[in-house]
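> I'll drop the sequence and a predicted model, then ask my questions.
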Amino acid sequence: MKPALKAGLFSVQARLQGKRDRTRASLMDAAVHIFARDGFKAASVHEITKIAGIANGTFYTHFRDREEIGAAVAFALLNQIAIQTHAAMAQIEDARLRTTMATRLFIDLALSNPDWGGALFRASWYFATFREAVTAYLRADLKLGISQGVFAIELDDLVIDSFVSMTMTAVFGRLGGNLGPDAGPRVAELQLIMLGVAPATAREIAWRDLPHVGLDLGILPAP
């Protein structure tokens, strides 16, 4: 059985590892494609293994079920975004600019390939591990803003969930074609206002040109 996909993001990362890791990576690449194309609920283990070119039985030596591979995919994609975004902002100390850049870079990166961008959006609503990983970086920047005196909020789960929901709504709108390229700065501006930044300042910061940071998760091939 020949695989239907060429090496995707996870397969490229595992190319120098052992056979087991390469097989697991092929399944994750196929899962990203299926989740984005059909949605998580409509995806099946059979379809994932078919796209990966791997026997059904082999799937269960790596993952318990569809939920487990979905969590693995979501967390791995998010981790790549978080690592690259954090590195891109290493020299930025202003928490207002950090939160704005994180939002806009996340949205832009999620749009750079519809396969994993769609999978990332859909998985985010299913898996608590995904949301916990997102909020770890976000909480740090919001705490920084409070300590700097630029965010006038009481940090709690409602603030965190509202912030994340605004970002993911912009991703969904962009992927669906309902929002244009200004969705990133628009939602970043609204987020800053929610955090207590004066509207005029929020607009100036949110609409600044972003530096080119070269974020790249790899491009998943078409089937």
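That came in fine, so what should we check first? Numbers count the residues shown, from 1 in each chain.

> Could you use CA atoms for every contact and neighbour count after this?
Will do.

> which residues sit against the strand or helix carrying E204?
The secondary structure element spanning E204 is helix 199-206 (assigned by DSSP states H and E). By Cα atoms under 8 Å, 6 or more residues apart in numbering, the residues outside helix 199-206 that reach it are R96, L97, T100, P185, R186, A188, E189, L190, L192, I193.

> among those residues, which are in helices?
With helices defined by DSSP state H, the entries of the contacts of helix 199-206 inside them are R96, L97, T100, P185, R186, A188, E189, L190, L192, I193.

> Name the residues of the helix holding E204 that come out as buried.
Within helix 199-206, the residues that qualify as buried are A202, R203, I205, A206, counting by 16 or more other Cα atoms under 10 Å.

> quick one: average pLDDT of that helix?
Along helix 199-206, the predicted local confidence has a mean pLDDT of 98.

> packing partners for the host helix or strand of F163?
Following DSSP H and E, one finds F163 within helix 157-175. The criterion is 3 or more Cα pairs under 8 Å, 6 or more residues apart in numbering; DSSP states H and E, and the helices and strands that helix 157-175 contacts are helix 95-111, helix 114-124, helix 128-148, helix 183-194.

> Output the longest one as PDB - backbone C-alpha positions only.
Included here for helix 128-148 are C-alpha records, laid out as PDB according to Å, rounded to 0.1, in the frame of the first residue of the first chain:
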ATOM      1  CA  ALA A 128      -8.600  21.000  26.600                       C
ATOM      2  CA  THR A 129      -4.900  20.300  26.200                       C
ATOM      3  CA  PHE A 130      -4.800  22.600  23.200                       C
ATOM      4  CA  ARG A 131      -6.500  25.400  25.100                       C
ATOM      5  CA  GLU A 132      -4.300  25.000  28.200                       C
ATOM      6  CA  ALA A 133      -1.200  25.200  26.000                       C
ATOM      7  CA  VAL A 134      -2.500  28.400  24.300                       C
ATOM      8  CA  THR A 135      -3.300  30.100  27.600                       C
ATOM      9  CA  ALA A 136       0.100  29.400  29.200                       C
ATOM     10  CA  TYR A 137       1.800  31.800  26.800                       C
ATOM     11  CA  LEU A 138      -1.100  34.200  26.800                       C
ATOM     12  CA  ARG A 139      -1.300  34.300  30.600                       C
ATOM     13  CA  ALA A 140       2.400  35.200  30.800                       C
ATOM     14  CA  ASP A 141       1.900  38.200  28.400                       C
ATOM     15  CA  LEU A 142      -1.200  39.400  30.200                       C
ATOM     16  CA  LYS A 143       0.500  39.200  33.600                       C
ATOM     17  CA  LEU A 144       3.400  41.200  32.100                       C
ATOM     18  CA  GLY A 145       1.000  43.900  30.900                       C
ATOM     19  CA  ILE A 146      -0.600  44.100  34.300                       C
ATOM     20  CA  SER A 147       2.800  44.500  35.900                       C
ATOM     21  CA  GLN A 148       3.700  47.200  33.400                       C
END
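
> Thanks again, I'm all set now.
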